[in-house]
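Enquirer: Quick one: sequence plus predicted model below, questions after.
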Amino acid sequence: MYHRLLDACFIEGLILERRHSWLPQCRGNMMRTQKGEGVLFRTVGFYLGPIVLLVLIAVGALALWCYRTGWPLTAGLVLIMGAVAAFSVGSVVRSRTENTSAIEERLESARVPDDVK
C-alpha cells in the first residue's frame, strides 16, 4: 500500500516535469538511469527471492524427513509439489505487483483536463 502511494507521488512529479520543462528533471533523470522501469522490479526481487528460498528450504526439509521415515515416494511427491508451490508463489507476487507505466497511464486517464477546471 505504501509503495503505491509513493509511486503515485513520484509519477505525478514525472508528469509535471514533462509538462513544464523549466522544472528540475530529477525524476526524469532517475527513470532514465533505470531504463524507464523504476526500481519496482528490484524491490520485488528483494522480497521475492527470500520468500521462494524459504519455501524451497521448507520443502527440502519435509521431503528429507519423509524419505528418512520410510516414505520415499511421498518425499518425491513433496519435492515436486513444493517446487510447483514456490513457482506459484513467485508468479502470484510478481503478477500482482503494479509496474510504473500502468500506474502512469491510470493517473493520466484520471486527471481532469485543464480546460474543464
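Expert: Noted; the coordinates are in hand. Fair warning: this is a prediction, and the values are worked out from it, not measured in the lab.
Enquirer: C-alpha from now on. contacts and neighbour counts both.
Expert: Will do.
Enquirer: Check which residues of the host helix or strand of residue 57 are buried.
Expert: With secondary structure defined by DSSP states H and E, residue 57 is part of helix 40-68. The neighbour-count criterion (16 or more other C-alpha atoms under 10 Å) identifies 48, 52, 55, 56, 59, 60, 62, 63, 64, 66 as the buried residues of helix 40-68.
Enquirer: what helices or strands is it leaning on?
Expert: Counting contacts by 3 or more C-alpha pairs under 8 Å, 6 or more residues apart in numbering; DSSP states H and E, helix 40-68 is packed against helix 72-95.
Enquirer: Contacts for the helix it packs on next, please.
Expert: With C-alpha atoms under 8 Å, 6 or more residues apart in numbering as the test, helix 72-95 has contacts from 44, 48, 52, 55-56, 59-60, 62-67.
Enquirer: can you give me the angle the helix holding residue 57 makes with helix 72-95?
Expert: Inter-element angle recorded for helix 40-68 and helix 72-95: 170 degrees (by axes from the mean of the first three to the mean of the last three C-alpha atoms, to 10 degrees).
Enquirer: Report the distance from helix 40-68 to the chain centre.
Expert: A distance of 17 Å separates the C-alpha centroid of helix 40-68 from that of its chain, computed with C-alpha atoms, centre = their mean, to the nearest Å.
Enquirer: And for stretch 68-88?
Expert: Shown here is stretch 68-88, whose average C-alpha point lies 27 Å from the average C-alpha point of the whole chain (C-alpha atoms, centre = their mean).
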